[in-house]
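1. 3D model of this:
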Amino acid sequence: MQLVGYSSEEVMSKNLVKEFITDEYKTAVQAVLDMALHGEETANFEFPLITKAGVRLDVLLNATTRRDEQGNVIGVVGIGQDITGRLAQEREYTRLIDTANAPIFGVDTQGRVNVWNQCAKDLVGYSNEEVMGHSLVQEFITDDFKTAVQTVLDQALQGAETENFEFPLITKNGVRIEVLLNATTRRDEQGNIIGVVGIGQDITARLAQEREYSKLIDSANAPIFGVDTFGRVNVWNQCAMKLVGYTISEVMGKNLVQEFITKEYRAAVKTVLDKALHGKETANFEFPLITKNGIRIEVLLNATTRRDEQGNVIGVVGIGQDITARLAQEREYSKLIDSANAPIFGVDTQGRVNVWNQCARKLVGYSTAEVMGYSLVKEFITKDYQASVQAVLDKALDGVETANFEFPLITKAGARIEVLLNATTRRNEHGKVIGVVGIGQDITARLAQEREYSKLIDNANAPIFGVDTFGRVNVWNKCARKIVGYTLDEVMGKNLVQEFITNEYKAAVSTVLNLALQGQETANFEFPLITKHGIRIEVLLNATTRRDEQGHVIGVVGIGQDITGRIAQEREYSKLIDTANAPIFGVDTKGSVNVWNQCARKLVGYNTDEGKWFEGESILRSGKAEDPNPDLARIRRSRIRIVQLCTYVHDVHRSDY
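-> The predicted structure is shown next:
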């Protein structure tokens, strides 16, 4: 009454089929009742009922024959269940199965297909009509997998379900696809097995990728091995075989630690593997492997946890690098650093000393034990230099290296030594900054010598100046200051040519300096300088190229002489000669006249710029008659004697050579 909504009075004596069954089910329900009236009962017959409110209900009916005491059939009793909700849920399940994003199929107890969802249709290419009722194994499984698939189905039909079973299906187009199957037993309401449902995944692409990964691992240019959860080897690539010498058959299934690791490293390697099996991976772990030939090789290992599709740990994969040669090289480098003929130290990112070679120990006096782990700046640098040294280290830790930085170190004995430092950034294999290495030179003696040279230059009894590559004054000694009158502050950094050379000599002096900057030095170059008081002084200059320790040109040094007085004296001598009351001449090394004073000009009749007298020898040989004029004859004879004298001097000069 409650289910259908009709009261007892409304249904009693009414015809069940005609009054309460929908038209499309009247015949079927009548048949069930007639069969029960003939003693043939029906179980689990589904049919709809319409409630008084007009709602359709689905009923699962067991129709049982009703008999009197004598066994005569007197009617039918129907015991039903309202399965409206269940059917709605089943339809929802069916819809979910059909629209699922995974291939789902089902077979009955005979192995005939009775479920084939949309994804299965799309994947394999067969429609429902083409597969329903057909044997899954006989029709759609390749011959080499028929037995295995049939075994899985038979086990499921006996209640033993199978997970993650891989098998191939052949599509309608003849393409082989790989399927990962979960085979689940299918039961009815009473728990009776009525078939198998298989939920699959198309793993064709994944398997292709796995094969590609496997190929890459096997052919990788690095030793790669793997162990299962018991530490037994299950991956051993070609590089591992080549490096260690053992073949796959010699290592597979063997305990990696017990069989191939040296005794002193077994505990450490096992700890790394155990941590990885608990999800804690290890990077850059160094350990030795013993090859088949008994050779020890050093391996740098990254131990990575290996998981299945569900994230369960199934082992460890180790990707290694053979660092035997690198370690040998590092030891060689370490030996070279320690025995280098220069102080070398290193600090970590916190500024603590972690490298201190023999030369540093010898120079500063502290042993390795006395400096290792201590702050370089705070412990060993003078207070006035701590900030600047710290700045150099900080810059190097940021990747900005510094060359030729000068700073003092205090030795264990309390002596101050001067160091010229190149601060170099130190990085690990991945380029990460791990500290600073300083390669130094003890320049204590050199600085003392430089100071001595500087003192000698400054005190020299000659004007000495220097310019940089831009022509700016950077050396100006006491003598230069005294002669020219300008102080250091007044000249330092100023352009020598533009500020202190007269206009008519600027081009010439600039040329001399530029030549020296190109390595072409000049000796005995005369030029004027204007003093602070406006007096012109004459300077004889030697322009010398100035170079640094590497031979690079860094400027010019000029060592001069004040020749103002000498030039004045020369002019005075020249005036005296020219005005002397006697003929005075001079010749060069070739016998050519280069002095010819006024008296000589007056006596002989030739001016300084006339060239007739060069023909003296031809005049001697001309054989001309004496001039009748006695004065002219006397002059001619004087001229001939002068020419003869010149010729004689010239011949004497030539004979000396």
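
2. sheet partners, orientation included, of the helix or strand hosting Gly78?
-> Assessed by DSSP states H and E, Gly78 sits inside strand 73-82. Applying DSSP bridges, strand 73-82 is found paired with strand 56-67 (antiparallel).

3. what is the rounded mean pLDDT of the partner strand?
-> Model confidence over strand 56-67, given as mean pLDDT, is 85.

4. could you list the low-pLDDT ranges of the stretch 501-650 of the chain?
-> Within the stretch 501-650 of the chain, the ranges that satisfy pLDDT under 70 run 610-650.

5. thinking again about what came up before, buried sites along the strand holding Gly78?
-> Taking 16 or more other CB atoms under 10 Å as the neighbour-count basis, strand 73-82 is seen to contain the buried residues Val76, Gly78, Gly80. Backbone N, C-alpha and C define where each C-beta goes, glycine included.

6. what stretches of the stretch 101-250 of the chain score poorly on pLDDT?
-> If you take pLDDT under 70 as the line, the stretch 101-250 of the chain has these spans: 210, 212-213, 216.

7. and the strands in it, which stretches?
-> With DSSP state E, counting those that start in this stretch, the ranges of strands along the stretch 101-250 of the chain come out as 104-107, 113-116, 162-170, 176-187, 193-202, 224-228, 233-236.

8. which helices and strands does the last one pack with?
-> For strand 233-236, the helices and strands in contact under the criterion 3 or more CB pairs under 8 Å, 6 or more residues apart in numbering; DSSP states H and E are strand 224-228, helix 248-251.

9. packed most tightly, which of these would that be?
-> Burial among the helices and strands packed on strand 233-236, expressed as mean neighbours by mean count of other CB atoms under 10 Å, is greatest for strand 224-228, which shows a mean of 20.

10. quick revisit: adding pLDDT and distance to Val437, write the buried residues of strand 73-82 out as JSON lines.
-> Putting the buried residues of strand 73-82 into JSON lines (pLDDT from 0 to 100; distance: CB to CB, whole Å) gives the following:
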{"residue": "Val76", "pLDDT": "87", "distance to Val437": "103"}
{"residue": "Gly78", "pLDDT": "84", "distance to Val437": "97"}
{"residue": "Gly80", "pLDDT": "80", "distance to Val437": "92"}
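
11. with distance to Phe260 as extra columns, can I get these in CSV?
-> Converted to CSV, the buried residues of strand 73-82 look like this (distance: CB to CB, whole Å):
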residue, distance to Phe260
Val76, 81
Gly78, 77
Gly80, 73
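
12. between those residues, which sits nearest Val59?
-> Set against Val59, the nearest of the buried residues of strand 73-82 by CB to CB is Gly80 (4.4 Å).

13. that closest one against Asp58, yeah?
-> No. Applying CB atoms under 8 Å, one finds Gly80 not in contact with Asp58, separated by 9.9 Å.

14. please enumerate the strands of the stretch 401-550 of the chain.
-> Taking DSSP E, counting those that start in this stretch as the test, the strands found in the stretch 401-550 of the chain are 402-410, 416-427, 433-442, 464-468, 473-476, 522-530, 536-547.

15. right, so of the ones you listed, which gets closest to Trp596?
-> strand 522-530 (24.2 Å).

16. just the buried positions in the closest one, please.
-> Here strand 522-530 shows Thr522, Phe525, Phe527, Pro528, Leu529 as buried, counting by 16+ other CB under 10 Å.

17. verify the contact between Arg56 and Glu24 for me.
-> No. Under the criterion of CB under 8 Å, Arg56 is not in contact with Glu24, lying 11.2 Å apart.

18. separation between the residue sitting nearest the centre point of the chain and Thr425?
-> Among the residues of the chain, the one closest to the centroid is Gly431, at 5.7 Å (CA atoms, centre = their mean). Between Gly431 and Thr425 the distance is 10 Å, computed by CB to CB, to the nearest Å.

19. sorry, back to before: turn the strands of the stretch 101-250 of the chain into TSV, columns for distance to Leu3.
-> As requested, the strands of the stretch 101-250 of the chain are arranged in TSV below (distance: least, CB to CB, whole Å):
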stretch	distance to Leu3
strand 104-107	33
strand 113-116	32
strand 162-170	42
strand 176-187	27
strand 193-202	28
strand 224-228	60
strand 233-236	63
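
20. out of those, which is closest to Val556?
-> Among these, strand 224-228 comes nearest to Val556, with 64.7 Å by CB to CB.

21. so who does Asn237 touch?
-> Going by CB atoms under 8 Å, 6 or more residues apart in numbering, Asn237 touches Ile217, Asp218, Ser219, Ala220, Pro223, Ile224, Phe225.

22. next, give phi and psi for it.
-> Comment: the main-chain dihedrals of Asn237 come out as phi -80, psi 180, following degrees, to the nearest 10.

23. could you do Leu33 as well?
-> The phi/psi pair for Leu33 (degrees, to the nearest 10) reads phi -70, psi -40.

24. right, and it touches Leu61 too?
-> No. Using CB under 8 Å, Leu33 is not in contact with Leu61; the gap is 9.9 Å.

25. all strands for the stretch 251-400 of the chain, in order.
-> Under the criterion DSSP E, counting those that start in this stretch, the stretch 251-400 of the chain carries strands at the ranges 282-290, 296-307, 313-322, 344-348, 353-356.

26. would you format these as a markdown table with mean neighbour count, distance to Gly435 and mean pLDDT included?
-> Putting those into a markdown table (neighbours: other CB atoms under 10 Å; distance: least, CB to CB, whole Å; pLDDT from 0 to 100) gives the following:
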| stretch | mean neighbour count | distance to Gly435 | mean pLDDT |
| --- | --- | --- | --- |
| strand 282-290 | 16 | 17 | 86 |
| strand 296-307 | 17 | 20 | 88 |
| strand 313-322 | 20 | 22 | 89 |
| strand 344-348 | 20 | 4 | 91 |
| strand 353-356 | 21 | 7 | 91 |
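
27. let's have the ones you listed in CSV, adding distance to Gly440.
-> Conversion of these to CSV gives the following (distance: least, CB to CB, whole Å):
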stretch, distance to Gly440
strand 282-290, 31
strand 296-307, 32
strand 313-322, 34
strand 344-348, 7
strand 353-356, 12
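
28. of those, which is nearest Ser592?
-> Taking the strands of the stretch 251-400 of the chain one by one with CB to CB, strand 344-348 is closest: 68.1 Å.

29. determine the set of other helices and strands touching that closest one.
-> Packed against strand 344-348 by the contact rule (3+ CB pairs under 8 Å, 6+ apart) you find strand 353-356, helix 358-364, strand 433-442.

30. buried deepest among those, which one?
-> Across these, averaging neighbours per residue (mean count of other CB under 10 Å) puts strand 353-356 on top, at a mean of 21.

31. direction included, what does that strand pair against?
-> Partners of strand 353-356 in its sheet, by DSSP bridges: strand 344-348 (antiparallel).

32. where's the strand it pairs with relative to the chain centroid, distance-wise?
-> 23 Å (CA atoms, centre = their mean, to the nearest Å).

33. distance of the closest residue to Asp308 other than its chain neighbours relative to Ser7?
-> With sequence-adjacent residues excluded and distances taken as CB to CB, 6 or more residues apart in numbering, Asp308 is closest to Ile314, at 5.1 Å. From Ile314 over to Ser7 the distance is 67 Å, taken as CB to CB.

34. again with Asp548
-> Taking CB to CB as the measure, Asp548 and Ser7 are separated by 120 Å.

35. Glu379 too?
-> 106 Å.

36. go on, Val604?
-> Taking CB to CB as the measure, Val604 and Ser7 are separated by 174 Å.

37. more crowded one of the two?
-> With neighbours defined as other CB atoms under 10 Å, Val604 and Ser7 compare such that Val604 has more, 21 against 10.

38. wait, the more buried one sits on Val593?
-> No. With contacts defined as CB under 8 Å, Val604 does not count as touching Val593, sitting 10.8 Å away.

39. and the contacts of Asn237, which two are the farthest apart?
-> Comparing every pair within the contacts of Asn237 by CB to CB identifies Ser219 and Phe225 as the most remote, at 14.7 Å.
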